[in-house]
Every structure is written in C-alpha cells, then in structure tokens.
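> Need the 3D shape of this:
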Amino acid sequence: MLAASRCAVVAARRSFSTGAETTIKLNEGAFHSFDCEPELASEVTVSNEDMIKWYKDIFTIRRMEIASDTMYKQREIRGFCHLYDGQEAVAVGMEAACTLEDHFVTAYRDHAHQYCRGDTVKSIMAELTGKFAGCSKGKGGSMHMYKEDANFYGGNGIVGAQIPIGAGLALAIKYKKTPNAMAVGLYGDGASNQGQFFEALNMAALWKLPFIALCENNNFAMGTSTARHAAMDEFYKRGNACAVPGLRVDGMDLLAVREATQWAKNFVTTGNGPLVMEMMTYRYHGHSMSDPGITYRSRDDVNEVRKTRDPIELHKQRLIDHGIATKEEVKALEKAIRGEVQEAMDFALSAEQPPMSELYTDIYDAEGYAASNPIRAVELSQSVTVPL
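Got it, this is the predicted structure:
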C-alpha cells in the first residue's frame, strides 16, 4: 500500500509544469543582519519543479505532525512528543540550501529535520510508536531520531546541549578538511540563555569553525514569552560577545530561509568562522503534548498566525499566483500525501516491537571494552569508583 501511495504522489506531481523557472518577490523585512553585510536578494528565481518538491515536503511534515498528535492522544505514542507544525519552512528551506555533507544536530523537536535529511514518514512514524522498523530501532522515540548516512545526529534531550555538539561537528569538518561542508546546531529561543551557547560560540569563533548556531525562535520557549525570559531578545545579536555576526530571517517564508541559508553556508565555509542565525517562526501546538499551548497565549493569537503567516498557505499561494500549479493540481497532490501519511500510520501501528535481543545492543559493553582495551580498562578501574 505504501508503494501505491508513493506512486500516487509521483503521478500528482507529473501534472505540474516542469523545466521552467519562476522569479518570486520575497516579503519585505525578511532579513535583518548584525555586524555583516549579506548580499540577499529581494526576489529569487527558482525552478518550478523545486517549488513543487518543497510544497510536497512542507505539506508532508504538516500531515505527519497532525497524525502524530492523533496517535499520541490515542496512546499509541508514549513519552515525550514535541510537534513541529507551524515551523515547517525552517527545516525545508534550510535543507534546500544544503547537502548531505553538511552536519545537523537539533533539539528534541526533530521529526521534520529527520524527514528533510532523507528519512521516510514510515520510518519516523514507526520510531514514534517504538517499533523496530523505526529510524532508531524504536529506542529513541520522538526525541532521539538519528540518520548516520545523512550526517544527522538527531534530537538532543538536554536543553542547549546540541550547540557544543554542533561546534564539535564543525571542528571535525575542519580537521578532516571536508570541502564546502558546515555544521548546524539548532536550538530554541529558550535555550539561547544557556551558558554553553556562549562557551561553544567562543571556541568556534576562536578556531574559525564552519558553524551556524541557529535559533528557531518560536516565541514562547517552554511556555514563557521571550520578553519575560530574555533581557535582550534579538537572539541573532547574541554572538556580539564573541565577535560573531548574526542574521535574522522570516522563518515562515521557505524561500527567504533558503536564500539566507545559501548565503550563510558560503560565509562560514570560506574561512570567516561561525554565524548566529535566528529564524522567526511559530509553533501551533504547545511545547509538548502535555502543554495545551493556550495558557500563555490565546486561541485567537494562534489562529491569527494561521490566517496571516502560515508557511504552507504562503507557499501554496505562490504556486497558484505564479501559474506553477492550479488549485486542482495542488489538491490532488495534497490528497496523495494524506494517503501516504495514513498508510505510514497503519504500518507503524501494525509493525513489530523490538526483539528482546535489542536489550543488549547499542549500550556500553564494559566486558567487551575491557577485552579489547585491557590496559585502559585497568586505568579506568583504578581511577574511578562508582558505587552500585
């Protein structure tokens, strides 16, 4: 059934105009820079085929997150679950400017980034439900997805910890002299006040690492507005203490995100050192599934963003206004994607649990380590005593 659904998606896409390009004007005020002079255009020229692909991606992510919400409420997804709907343009727009040679590490709101790095809805939904077919064998769940072959180091459950990890990935890229590659550490506005942000950025600046510290500013951290938790809430300027420039972007506009990321990648991979980026975005759900999301904002606030700034509606309108696709063609694509996500849900619900043998894999093997590293094992046993 999954194969049939994918065929439907492909068939829907074939009806669109391809092999042509379209020039699209960006919204005013899409970019604000600090201590740098980026050459960012007010309009971009993109292929019609890419525009369709990006719409497929953002709509797929939206449907996947809505499905995750449903499955969590049905108690098919357990534990923590942090949804990404509203923020889709950030993940898809960034990926449009990157390659799989670039390294990514995120916070625990990571489903969309896992998908954009090349995973399938089927694999992600299986992971969410703790099944062996999932991208982390059902052991990571919502917060800890991973894709080694795409240099995606997953969601990190410690607030802000992905920032020094990202800087470390950038150090590895520089050490190995990987050409035209960078590392991106994505974090939220709530993590911007973490001390490790400044420590990692200082080292990245000192060593001129190809690193982007990227804040997905969805306005409310866990449940507190930026005005209440940050004395200085222009997070793209936070690199000032380490002489690191910054760039703020309209994170609800996929094309603006792509344009900014293209410039940023060129900046950090040509010896200039790190950059702080701030994507101004918004989440429609609460911080996690345990948060109703309307105790610190009203339903009217959320609905206003949906009506005026929704990234999917913006991209859809551009497709129609510029003659890239008709309303009917877009509806056909959306219908096919809904079917694909539904089949992925059905697969996840019926997939097998991890076998009992998995209890003993992917964990620290003290006996095996001692056998292969006897001298080091003795040193460790003499220097560290851990009471049971």
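> For the helix or strand encompassing Ser33, which outside residues touch it?
Using DSSP states H and E, Ser33 sits within strand 31-34. If you take C-beta atoms under 8 Å, 6 or more residues apart in numbering as the criterion, strand 31-34 is touched by 38, 40, 234, 236-237, 239-240, 245-250, 256, 260, 276. For every residue, glycine as well, the C-beta is placed using N, CA and C.
> mind checking the longest helix of this structure?
helix 48-73 (DSSP state H).
> between the contacts of strand 31-34, which is closest to Ile294?
If you rank the contacts of strand 31-34 by distance to Ile294 using C-beta to C-beta, Asp250 comes first, at 24.5 Å.
> re earlier: relative to helix 48-73, how tilted is the helix or strand just after the longest helix of the chain?
Later in the chain than helix 48-73, the nearest helix or strand by DSSP H and E is helix 88-95. Between helix 88-95 and helix 48-73, the angle comes out at 130 degrees (axes from the mean of the first three to the mean of the last three C-alpha atoms, to 10 degrees).
> Contacts for helix 88-95 next, please.
54, 57-58, 61-62, 84, 112-113, 115-117, 184, 214, 216, 251-258, 261, 279, 281, 311-312, 314-315.
> next structured bit after that helix?
Assigned by DSSP H and E, the successor of helix 88-95 is strand 103-106.
> Keeping just the C-alphas, turn that next one into PDB.
What follows is strand 103-106, C-alpha atoms only, in PDB (Å, rounded to 0.1, in the frame of the first residue of the first chain):
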ATOM      1  CA  HIS A 103      26.100  18.100   9.600                       C
ATOM      2  CA  PHE A 104      22.900  18.800  11.600                       C
ATOM      3  CA  VAL A 105      22.100  18.300  15.200                       C
ATOM      4  CA  THR A 106      18.800  19.600  16.700                       C
END
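> Give the pairing partners of it; include direction for each.
strand 152-155 (parallel), strand 183-188 (parallel) (DSSP bridges).
> As CSV, could you dump the C-alpha coordinates of the shortest one?
Output of strand 152-155 as CSV, limited to C-alpha atoms (Å, rounded to 0.1, in the frame of the first residue of the first chain):
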residue,chain,number,x,y,z
PHE,A,152,22.0,13.9,11.1
TYR,A,153,22.9,13.5,14.8
GLY,A,154,19.4,13.7,15.9
GLY,A,155,17.4,15.4,18.7
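> Tell me which stretches of the stretch 201-350 of the chain form helices.
Ranges of helices within the stretch 201-350 of the chain are 226-229, 254-268, 299-309, 311-321, 327-350, based on DSSP state H, counting those that start in this stretch.
> Could you dump the ones you listed into JSON lines and include mean neighbour count, mean pLDDT and distance to Gly157?
Below are these laid out as JSON lines (neighbours: other C-beta atoms under 10 Å; pLDDT from 0 to 100; distance: least, C-beta to C-beta, whole Å):
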{"stretch": "helix 226-229", "mean neighbour count": "13", "mean pLDDT": "90", "distance to Gly157": "20"}
{"stretch": "helix 254-268", "mean neighbour count": "23", "mean pLDDT": "98", "distance to Gly157": "25"}
{"stretch": "helix 299-309", "mean neighbour count": "13", "mean pLDDT": "95", "distance to Gly157": "26"}
{"stretch": "helix 311-321", "mean neighbour count": "18", "mean pLDDT": "98", "distance to Gly157": "26"}
{"stretch": "helix 327-350", "mean neighbour count": "18", "mean pLDDT": "97", "distance to Gly157": "22"}
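> Return the residues in contact with Phe235.
189, 192, 215, 217, 246, 248, 276, 278.
> how close does it get to Phe31?
15 Å (C-beta to C-beta, to the nearest Å).
> ok, back up a step: closest to Lys25 among the contacts of strand 31-34?
Ala256 (11.0 Å).
> okay but that closest one is in contact with Leu26, surely?
Yes: using C-beta atoms under 8 Å, Ala256 makes contact with Leu26 at a distance of 5.3 Å.
> Identify whichever of the helices of the stretch 201-350 of the chain lies nearest to Lys131.
That would be helix 327-350 among the helices of the stretch 201-350 of the chain, by C-beta to C-beta, at 6.1 Å.
> ok and that closest one relative to helix 311-321, angle-wise?
150 degrees.
> how about the CA coordinates for helix 327-350, as PDB?
The C-alpha trace of helix 327-350 is given here as PDB (Å, rounded to 0.1, in the frame of the first residue of the first chain):
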ATOM      1  CA  LYS A 327      -5.700  24.800  -7.300                       C
ATOM      2  CA  GLU A 328      -6.900  21.400  -8.600                       C
ATOM      3  CA  GLU A 329      -3.300  20.100  -9.100                       C
ATOM      4  CA  VAL A 330      -2.400  21.200  -5.600                       C
ATOM      5  CA  LYS A 331      -5.500  19.500  -4.200                       C
ATOM      6  CA  ALA A 332      -4.500  16.300  -6.000                       C
ATOM      7  CA  LEU A 333      -1.000  16.400  -4.500                       C
ATOM      8  CA  GLU A 334      -2.400  17.000  -1.000                       C
ATOM      9  CA  LYS A 335      -4.800  14.100  -1.300                       C
ATOM     10  CA  ALA A 336      -2.000  11.800  -2.400                       C
ATOM     11  CA  ILE A 337       0.200  12.900   0.600                       C
ATOM     12  CA  ARG A 338      -2.700  12.400   3.000                       C
ATOM     13  CA  GLY A 339      -2.900   8.800   1.700                       C
ATOM     14  CA  GLU A 340       0.800   8.300   2.100                       C
ATOM     15  CA  VAL A 341       0.800   9.500   5.700                       C
ATOM     16  CA  GLN A 342      -2.300   7.400   6.600                       C
ATOM     17  CA  GLU A 343      -0.600   4.300   5.200                       C
ATOM     18  CA  ALA A 344       2.500   5.100   7.200                       C
ATOM     19  CA  MET A 345       0.400   5.400  10.300                       C
ATOM     20  CA  ASP A 346      -1.200   2.000   9.600                       C
ATOM     21  CA  PHE A 347       2.200   0.500   9.100                       C
ATOM     22  CA  ALA A 348       3.500   1.900  12.400                       C
ATOM     23  CA  LEU A 349       0.500   0.600  14.300                       C
ATOM     24  CA  SER A 350       1.000  -2.900  13.000                       C
END
